[in-house]
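J.: Test case, fold it:
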Amino acid sequence: MKKFLKLNIYIAFYFLFFLSNIYAETINSIKIKGNDRIPNDTIIMFSDVKIGQNIDEDNTNEILKNIYNSNFFKSVNISVKNNELIISVEENPIIENITINGVKAKKIKKILKQQLQLKSRSSFNELIISQDLDRITNQLKILGYYFSKVETKVEELGNNKVNVIYDIEMGDKAKIKKISFIGDKVFKDKKLKSIIISE
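T.: Sure thing, here's the model as predicted:
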């Protein structure tokens, strides 16, 4: 019985090893397709894959993730043919200019621009631009503009370039009418008001 069990274990390990080698392929060369601005070597660096490496389904998923995480590409496809890894990419557009409309005060406009992760000459990314919109909205609330409205427009320029435009309606600035302290207090209201930031 023990010999039979040991034999089954050997067979199981053999088939696992055999199947893993069927679906894994050794990479002898890497071909990059579809890139214009981003050099081949840079994309290979992003992929974190090397010549002589065995590639299976898990590896290809990791390569896709690595390249997408660079934020330079709109789409990425991976295939292996005759031991050649083929990486096909479509680059994100380049941002030519970022414009903020509706804000007259230069100081506020400067503060809002400092919140943006995307900059002029960086790659456009829809996820990051959505996050930047949230950052602008939150910063306006910090500045007291709780009723502001922010919209984003993307203007296509050709040659895979875009302008990003933020249209902002500031609204009225919220002001504190009254500050009240409730509950049991050791200190008087006057003392408490002297140590808080809000006025």
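
J.: For the rest of this, base every contact and every neighbour count on C-alpha atoms.
T.: Fine.

J.: Neighbours of residue 140, how many?
T.: As a burial measure, residue 140 scores 22 neighbours (other C-alpha atoms under 10 Å).

J.: Validate this expectation: it resides in a strand.
T.: No: Residue 140 is assigned helix when assessed by DSSP: H, G, I helix; E, B strand; the rest coil, not a strand.

J.: Let me know whether residue 88 touches residue 80 as I believe.
T.: No: here residue 88 does not reach residue 80: they are 11.3 Å apart, not a contact under C-alpha atoms under 8 Å.

J.: between those two, which one's more packed in?
T.: More crowded of residue 88 and residue 80, by other C-alpha under 10 Å: residue 80, with 19 against 16.

J.: Quick check: bridge partners of that one?
T.: Beta-bridge partners for residue 80, by DSSP bridges, are residue 85.

J.: So it sits against residue 86, correct?
T.: Yes: taking C-alpha under 8 Å as the definition, residue 80 is a contact partner of residue 86 at 6.0 Å.

J.: Looks to me like residue 171 is in a helix.
T.: No: under three-state DSSP, residue 171 sits outside any helix and is assigned coil.

J.: Identify the spatial nearest neighbour of it, chain neighbours not counted.
T.: Excluding its sequence neighbours, the residue lying closest to residue 171 (C-alpha to C-alpha, 6 or more residues apart in numbering) is residue 148, at 5.1 Å.

J.: Now do the contacts for that neighbour.
T.: Contact analysis of residue 148 by C-alpha atoms under 8 Å, 6 or more residues apart in numbering lists 137, 140, 141, 168, 169, 170, 171, 172.

J.: any idea how far residue 157 is from the fifth one?
T.: In this structure, residue 169 and residue 157 are 25 Å apart, going by C-alpha to C-alpha, to the nearest Å.

J.: And the second one, by the same measure?
T.: Separation of residue 140 from residue 157 (C-alpha to C-alpha): 29 Å.

J.: And for the first one?
T.: Noted for residue 137: a distance of 27 Å to residue 157, by C-alpha to C-alpha.

J.: Give the residue from these two that has the larger number of neighbours.
T.: Applying other C-alpha under 10 Å to residue 137 and residue 157 shows that residue 137 carries more neighbours, namely 22 against 13.

J.: Which positions in the helix or strand in which that one is found come out as buried?
T.: Using DSSP states H and E, residue 137 sits within helix 126-142. Neighbour-count burial for helix 126-142 flags 129, 132, 133, 135, 136, 137, 138, 139, 140 (criterion: 16 or more other C-alpha atoms under 10 Å).
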